[in-house]
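K.L.:
Compute the structure for the input listed below.
(one chain, ligands or ions: 1)
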Amino acid sequence: MTDKWEHLDAAMTVSSKKTIQELFKEDPARAEKFSLEAAGWYLDYSKNRIDEKVMKSLMKLARESGLKEEIERMFTGKKINATEGRAVLHTALRNLDPKAKIKVDGKDVLPGVRRVLAQMGDFSDSVRRGQWKGFSGRKIKNIVNIGIGGSDLGPVMANLALTPYTKRNLKFYFVSNVDSTHLAETLRSVKAAETLFIVASKTFTTQETMSNALAAKEWLISEARKAGLSLKDAKGAVAKHFVALSTAAKEVAEFGIDVKNMFGFWDWVGGRYSLPGAIGLSLMIAIGRVNYKKLLKGYYKMDRHFRTARFERNMPVILALLGILYSNGYGAESYCCLPYDQYLARFPAYLQQMDMESNGKCVDRDGNQSYRETGPIVWGEPGTNGQHSFYQLIHQGTHLIPCDFIGCCRTHNPIGDLHDKLMANFFAQTEALAFGKSADECRKEGVPENLVPFKTFEGNKPTNTLLCEKLTPETLGALVALYEHKVFVQGVIWNIYSFDQWGVQLGKVLAKGVLADLTAKKPSGKHDASTNALVAKYRKALGR
Ligand code: F6P
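P.N.:
Below you'll find the model as predicted:
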């Protein structure tokens, strides 16, 4: 049997020989050849260092990684998150096939999914219609989601992305950081009697979330007291102002939340994949259950495409393989996500957790040190802002940074020719990156010889262009699923476990010990010399 990575070497031998400029000269039809549509998205990947031979070799790499079988194992609920002994079934959250059955430990999970979705729908209707009342009988006007990581980034990203679909008289806030400023500034903007807190935490133990939730609870009780409620009634008001999104019923009840108002999910949904389930409650309140269903439909369409399309016409597979070509073939350390739509401003941040928490692993599935580079660094900003900031480095710097350009043909907010200008930049940037500007072109334009090297653009910078008609709940769902599956494919090829996140544990544990030392009468001095000195400095500043 061949080492599957030989196929990458074969791909590289061809890929490294020709520039993107040369490839376009040779084959003017490549834009058509290297493009496809799926679930409302058009992907043009022709501005990459590829030709048919390169793609053929990359497809072999995918096949020899057992990708087909792994996709089925995920969709059918096999326990592919082996280090935690869990199935990975975020796709079940948006499985809209009424006849489908997906079993985990012999039990079909879909009836539970549908039950929670219906519970979310009823609850969000009652908030949107003003039927859910606070302690003084007033309608809810403010919704504060308290959560972090996957319990924050998805709702934040999607709430902004789908702003045109939101009920504008409801205001949404997202508190994630354990920095008290985050909570304090939010509480300054809302009235307790009109505020609903959604405590979003899969485990209901996360320090940041639970500290913020407890502080919010104290605040609500004290505001209710100020409004004239007895201590008992003020405490009772918690049930009207707090709901929970969690898998941990016992901890939720202990907090004082009525378990009727707990929206459950399951250990087979990873935090960073949890947006289309209970974690999406704030989003459902914002956009309503009908639009939320459309979001799920978009996810589901991309899921079906991913599961059924042959690899050569499979958008997540193609994106994943191109990423591998640059990471493992060219040694690119990062890729850049560039949405040309202000509503997608938080998409890069969302993608960072999805990709880096999933594939930022250096140990393979056999417990050995991975000898290949794995998950890349993901970064990005909305497009034209980036152009006036870091694009200089992408165009003329020394690092190779493949970019994903994401744009929409129609805007929700037509004003004069602004959208044409935005999209002109969107298209022009990929053109500039691919084709550059030669020294000769500079000279022809009359650039003085001493400035020619500075004004030359090498080009040959790879980009993918993702284009949809309009950013809607459906296209957003499909976009998220596209990247989820891309990340999955890469994890399979790298032979790493993409669905655990042990790398976040150590810091959490050490923070507990440090916290004790920050507040103790006498610090333990048990840390390293640097940490001990920092703790001492902090204590001194606070007069401890
Ligand atoms: O930081 C690690 C992590 O477990 C993420 O994976 C997760 O999204 C986040 O913390 C929040 O976890 P929880 O929803 O349990 O509060």
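
K.L.:
three-state assignment of residue 535?
P.N.:
Following DSSP: H, G, I helix; E, B strand; the rest coil, residue 535 is assigned to helix.

K.L.:
Pull up the gap between it and residue 96, please.
P.N.:
Noted for residue 535: a distance of 53 Å to residue 96, by Cβ to Cβ, to the nearest Å. All C-beta spots, glycine's among them, are computed from the backbone N, C-alpha and C.

K.L.:
Would you state the strands of the stretch 401-544 of the chain in chain order?
P.N.:
In the stretch 401-544 of the chain, the strands defined using DSSP state E, counting those that start in this stretch lie at 403-408, 463-468.

K.L.:
ugh, typo on my part, it should be the chain
P.N.:
Along the chain, the stretches classed as strands by DSSP state E are 35-38, 41-44, 103-104, 107-108, 142-146, 171-175, 195-200, 242-246, 262-264, 334-340, 377-380, 403-408, 463-468.

K.L.:
Ok, which of these comes nearest the ligand?
P.N.:
strand 195-200 (6.5 Å; Cβ to the nearest ligand atom).

K.L.:
Run the angle between the closest one and strand 242-246 for me.
P.N.:
20 degrees (axes from the mean of the first three to the mean of the last three Cα atoms, to 10 degrees).

K.L.:
Look up phi and psi at residue 412.
P.N.:
In terms of degrees, to the nearest 10, the main-chain angles of residue 412 are phi -80, psi -10.

K.L.:
Residue 535 and residue 96: which has the busier surroundings?
P.N.:
Set residue 535 next to residue 96 and count neighbours by other Cβ atoms under 10 Å: residue 535 wins out with 19 against 14.

K.L.:
Residues of the stretch 351-500 of the chain that sit close to the ligand?
P.N.:
Neighbours of the ligand within the stretch 351-500 of the chain, by Cβ under 6 Å from any ligand atom: residue 357.

K.L.:
can you list the strands of the chain in CSV and add distance to residue 304 and mean neighbour count?
P.N.:
Output for the strands of the chain, formatted as CSV (distance: least, Cβ to Cβ, whole Å; neighbours: other Cβ atoms under 10 Å):
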stretch, distance to residue 304, mean neighbour count
strand 35-38, 9, 16
strand 41-44, 14, 19
strand 103-104, 19, 15
strand 107-108, 19, 12
strand 142-146, 30, 25
strand 171-175, 31, 21
strand 195-200, 28, 26
strand 242-246, 27, 26
strand 262-264, 26, 21
strand 334-340, 24, 24
strand 377-380, 26, 20
strand 403-408, 21, 24
strand 463-468, 17, 23
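
K.L.:
Quick check: which of those is nearest to residue 364?
P.N.:
strand 377-380 (19.7 Å; Cβ to Cβ).

K.L.:
The residue in the stretch 151-300 of the chain that the ligand sits nearest to: neighbouring residues, count only.
P.N.:
Nearest residue of the stretch 151-300 of the chain to the ligand: residue 271, at 2.5 Å (Cβ to the nearest ligand atom). For residue 271, the neighbour count with other Cβ under 10 Å is 24.

K.L.:
Quick check, it in contact with residue 148.
P.N.:
No: counting by Cβ atoms under 8 Å, residue 271 does not reach residue 148; the two are 9.0 Å apart.

K.L.:
sorry, back to before: mind putting the strands of the chain into CSV with mean pLDDT?
P.N.:
Putting the strands of the chain into CSV (pLDDT from 0 to 100) gives the following:
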stretch, mean pLDDT
strand 35-38, 98
strand 41-44, 98
strand 103-104, 97
strand 107-108, 98
strand 142-146, 98
strand 171-175, 98
strand 195-200, 98
strand 242-246, 96
strand 262-264, 96
strand 334-340, 98
strand 377-380, 98
strand 403-408, 98
strand 463-468, 98
